[in-house]
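Asker: The sequence isn't on hand, but the structure is:
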């Protein structure tokens with residue numbers, strides 16, 4: 001029997017990859033996004049793979065929209081098996097040069113959007129006696145991102161929210177809350193980002209195939225786990241910040257400042273923070289090496305060497 005799976009932010013990037021991965025299992029999908037036209041394209045692809053699909057235009061920052069999404073999902077089969085919180089936005093820029101309303105909207109989308117999704121579906125899970133909530137958080141939940149203060153606030157907040165919710169649900173052993181922490185992904189997300197740096201943005205290598213995230217999330221619906229790190233880079237960065245927080249922050253800040261100093265100039269933009277954008281609706285952003293995780297090892301090795309050199313320089317300067 002097919003599962004009823006709800007996915008937010010399903011119109012592009014990781015959300016679209018997750019939808020396609022579940023479609024291959026012929027699940028009953030309920031896909032949500034602000035961009036209904038792009039969502040219909042995803043639905044068409046999923047239906048060709050054998051899935052049944054319901055789509056809804058939905059802004060996760062609106063509590064009523066999330067309540068309606070849960071109600072619509074429950075009507076598909078009378079049961080909601082899986083809810084994937086995935087919708088997210090990014091704003092990049094110096095903290096004092098990024099409009100406060102943009103920072104607020106990033107937090108409303110990335111943090112409150114997940115909280116409202118969980119709040120909408122949890123009554124159904126409790127009534128059913130089971131269900132799986134998956135929060136696609138990112139390594140940003142462990143690693144602060146300089147020039148992305150609103151993003152970091154939202155992702156660190158998500159870890160706290162999820163941990164507290166798990167503790168509260170101890171009395172419900174068949175309701176699972178699963179958090180995923182992928183490293184940097186080859187998605188259009190950075191093309192959609194609000195950008196107040198005035199410079200062309202690129203993700204830091206290595207970037208991973210978003211289908212890898214999708215495959216992990218599909219597996220979690222059969223074998224739930226509380227936390228899943230995706231990609232060796234995410235494990236390395238989590239360990240680095242856990243053991244050497246000030247050094248890791250210093251290196252991250254130095255790398256980003258160095259990049260921005262030499263990057264090409266570009267007009268400042270609000271990106272998709274407040275409204276959807278008519279571009280970048282594919283799974284991939286064209287940044288990485290899809291499907292070849294072993295190719296990332298050279299980047300990881302280079303990163304370790306660069307980090308070691310930066311650490312030596314920082315310690316030398318403190319003497």
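Answerer: Perfect, I can see it now. Remember, predicted model here, so these are calculated numbers, not experimental data.

Asker: Residue 141 against residue 156, yeah?
Answerer: Yes. With contacts counted by C-beta atoms under 8 Å, residue 141 reaches residue 156, the gap being 6.2 Å. Just so you know, the C-beta spots here come from the backbone N, C-alpha and C atoms, and that holds for glycine as well.

Asker: can you pull out the strands in the stretch 151-300 of the chain?
Answerer: 175-182, 194-195, 227-230 (DSSP state E, counting those that start in this stretch).

Asker: who's in contact with the nearest residue to residue 87 once chain neighbours are set aside?
Answerer: Leaving aside its sequence neighbours, residue 87 sits nearest to residue 9 (C-beta to C-beta, 6 or more residues apart in numbering; 3.0 Å). Counting by C-beta atoms under 8 Å, 6 or more residues apart in numbering, residue 9 touches 15, 32, 33, 60, 86, 87, 88.

Asker: ok, residue 141 and residue 156, which is more surrounded?
Answerer: Neighbours per residue (other C-beta atoms under 10 Å) separate residue 141 from residue 156, with residue 141 holding more: 22 against 17.

Asker: Let me see the contact set for the more buried one.
Answerer: Counting by C-beta under 8 Å, 6+ apart, residue 141 has contacts 155, 156, 158, 159, 179, 181.

Asker: what do you get if the cut-off is 6 Å, keeping everything else the same?
Answerer: Going by C-beta atoms under 6 Å, 6 or more residues apart in numbering, residue 141 touches 155, 158, 159, 181.

Asker: on that earlier part again, cross the contacts of residue 9 against strands and list the overlap.
Answerer: In this view, these that belong to strands under DSSP state E are 32, 33.

Asker: How about the contacts made by residue 73?
Answerer: 6, 30, 80.

Asker: Same list, the residues you listed, but as JSON lines with neighbour count and secondary structure please.
Answerer: Shown next, in JSON lines, are the contacts of residue 73 (neighbours: other C-beta atoms under 10 Å; DSSP: H, G, I helix; E, B strand; the rest coil):
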{"residue": "6", "neighbour count": "32", "secondary structure": "strand"}
{"residue": "30", "neighbour count": "28", "secondary structure": "strand"}
{"residue": "80", "neighbour count": "26", "secondary structure": "coil"}
